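for reference, the sequence and a predicted model appear below.
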Amino acid sequence: MRVPLDLQHHIYWSFFCESGFCWYSNNQNGIFNSAPLNFMLRSIFNHRLQTHLAIRRYTKPATMSLRAISAKDAASLDRDLMETGGWSLDQLMELAGLSVAQAVWKLQPPNAGANILIVCGPGNNGDGLVAARHLSHFGYNPSVYYPKEGKNELYQRLKTQLRNLSIPFISTEDFSTSLKQSDLLVDAIFGFSFGGPLREPFPSIVSQIESATIPVLSVDAPSSWDIQGGPPKEGPGAKFMPSALISLSAPKPCVAFYKGRHFIGGRFLTKALTDKYGLDLPQYQGVDQVLEIGVDAEGKL
Ligand SMILES: NC(=O)C1=CN([C@@H]2O[C@H](COP(=O)(O)OP(=O)(O)OC[C@H]3O[C@@H](n4cnc5c(N)ncnc54)[C@H](OP(=O)(O)O)[C@@H]3O)[C@@H](O)[C@H]2O)[C@H](O)CC1
Ligand SMILES: [K+]
């Protein structure tokens with residue numbers, strides 16, 4: 001959500017003054033050691049600091065926080081959508097994947113780096129497969145690493161669609177080279193059904209992503225993180241902090257451990273459903289399938 005220009009001016013000015021206040025505070029034994037000057041500067045900086053804090057409060061809605069949904073409720077919400085809401089899994093994954101592709105665009109339009117590596121997992125977090133198709137149509141050069149394929153025939157159809165667009169599938173041998181040659185990585189390995197320590201072949205994959213120097217966008221949760229408890233205490237993923245995260249439908253509790261840019265996607269919820277699960281209905285703008293939000297999700301868990 002955009003902050004109006006005049007407000008931005010105030011924010012920059014108050015930030016400047018706040019920085020000045022810190023600089024001034026660190027220089028009290030230097031040129032600012034006269035008592036009247038000291039008092040005058042402190043008043044000015046305090047006034048500006050208060051203005052800054054007031055503006056921060058005023059701008060809070062610009063980085064709105066949305067209530068989080070537990071893994072159990074997220075699975076139940078998906079069942080509601082499909083069993084009583086008239087949705088099919090294909091449709092939900094299509095919109096989820098489209099929002100992932102739009103988040104990539106917002107992070108990095110193709111002219112800023114078009115080589116996108118998408119790592120897909122065996123479950124529905126593989127909506128990265130859908131994102132790969134949209135990214136190709138958006139003008140990117142996506143490639144997909146799909147080390148353990150899911151059993152659902154839907155994934156085979158998605159693979160066919162990607163092959164028909166000549167989107168390359170990367171082999172395990174080529175993964176580390178491909179990682180070095182890419183401009184951004186989409187982590188679509190595990191979402192809200194991940195649990196327990198990583199099983200093969202994922203420990204080494206997560207380790208490589210964790211130490212990658214390119215930006216990473218994680219889908220629904222940083223893969224290897226416990227959905228409730230955040231990063232593992234040790235081992236692969238313990239230091240994994242993707243530069244961006246897109247939560248689908250609603251943030252998951254592990255967002256409390258996350259620092260970085262945060263988007264919400266999956267523009268298919270109704271007010272009745274968000275009310276049932278105690279969630280917020282994101283205020284998407286125009287035709288956008290994705291909305292940037294803050295990271296301080298408030299829990300209803
Ligand atoms: N409403 C929405 O917002 C929608 C979100 N979608 C996306 O779907 C995922 C949830 O998909 P789901 O299939 O339930 O689960 P995951 O993709 O998170 O993971 C399941 C697979 O992961 C394997 N797994 C689990 N833990 C481990 C582990 N420790 N090590 C290795 N592998 C693991 C699991 O393997 P099993 O052997 O246990 O079966 C599964 O294969 C959600 O997060 C969104 O991204 C959809 O688009 C629908 C709408
Ligand atoms: K993920």
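Perfect, I can see it now. Ligands and ions are numbered 1, 2, ... in the order given.

in this structure, which spans are helices?
Using DSSP state H, the helices of the chain run over 5-25, 35-59, 71-83, 89-107, 128-138, 153-163, 175-181, 202-210, 271-276.

so which elements touch the third one?
Packing contacts for helix 71-83, counted by 3 or more CB pairs under 8 Å, 6 or more residues apart in numbering; DSSP states H and E, involve helix 89-107, helix 271-276. (Each C-beta comes from the backbone N, C-alpha and C, glycine too.)

need those in CSV (columns: mean pLDDT, distance to residue 192 and mean neighbour count).
CSV is the format used below for those (pLDDT from 0 to 100; distance: least, CB to CB, whole Å; neighbours: other CB atoms under 10 Å):
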stretch, mean pLDDT, distance to residue 192, mean neighbour count
helix 89-107, 98, 12, 21
helix 271-276, 96, 16, 13
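
low-confidence stretches in the stretch 201-301 of the chain?
Scanning the stretch 201-301 of the chain for pLDDT under 70 picks out 296-301.

try 50
Low-confidence segments of the stretch 201-301 of the chain, defined by pLDDT under 50: 299-301.

residues from the stretch 51-200 of the chain in reach of ligand 2?
Listed as neighbours of ligand 2 in the stretch 51-200 of the chain under the rule CB under 5 Å from the ion: residue 187.

mind listing the residues bridging to the residue positioned nearest the centre of the chain?
Nearest to the mean C-alpha position of the chain, counting by CA atoms, centre = their mean, stands residue 245 at 1.3 Å. Beta-bridge partners of residue 245, counted by DSSP bridges, are residue 218, residue 262.

that one against residue 254, yeah?
No. Using CB atoms under 8 Å, residue 245 makes no contact with residue 254, being 9.4 Å away.

what do the two both touch?
221, 222 (CB atoms under 8 Å, 6 or more residues apart in numbering).

quick one: residues contacting the residue of the chain found nearest ligand 1.
Distance from ligand 1 to each residue of the chain (CB to the nearest ligand atom) is smallest for residue 191, at 1.8 Å. Residue 191 is in contact with 121, 123, 124, 125, 219, 220, 221, 248, counting by CB under 8 Å, 6+ apart.

and the gap between it and residue 89?
Distance from residue 191 to residue 89, counting by CB to CB, to the nearest Å: 13 Å.

if you rank the contacts of residue 191 by neighbours, which is first?
Among those, residue 219 has the most neighbours (other CB atoms under 10 Å), with 32 neighbours.

ok, and the closest non-adjacent residue to that residue?
Closest residue to residue 219 apart from its sequence neighbours, by CB to CB, 6 or more residues apart in numbering: residue 188 at 4.4 Å.

among the contacts of residue 191, name the ones in strands.
Using DSSP state E, the subset of the contacts of residue 191 located in strands is 219, 248.

turn the contacts of residue 191 into TSV, including distance to residue 132.
As requested, these are exported to TSV (distance: CB to CB, whole Å):
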residue	distance to residue 132
121	13
123	16
124	15
125	13
219	12
220	16
221	19
248	16
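
restricting to the contacts of residue 191, which residues neighbour ligand 1?
Contacts with ligand 1 within these, as defined by CB under 6 Å from any ligand atom: 121, 123, 124, 125, 219, 220, 248.

so the first one makes contact with residue 148?
Yes. Between residue 121 and residue 148 a contact is recorded at 7.1 Å, counting by CB under 8 Å.

overlap in contacts, these two.
Counting by CB under 8 Å, 6+ apart, the common neighbours of residue 121 and residue 148 are residue 202.

tell me how the chain divides into domains.
The chain resolves into domains spanning 5-58, 71-292 when parsed by automatic domain parsing.

residue contacts, residue 152?
Residue 152 makes contact with residue 89, according to CB under 8 Å, 6+ apart.

coming back round to it: ok, the residue nearest to residue 219 to residue 166 distance?
20 Å.
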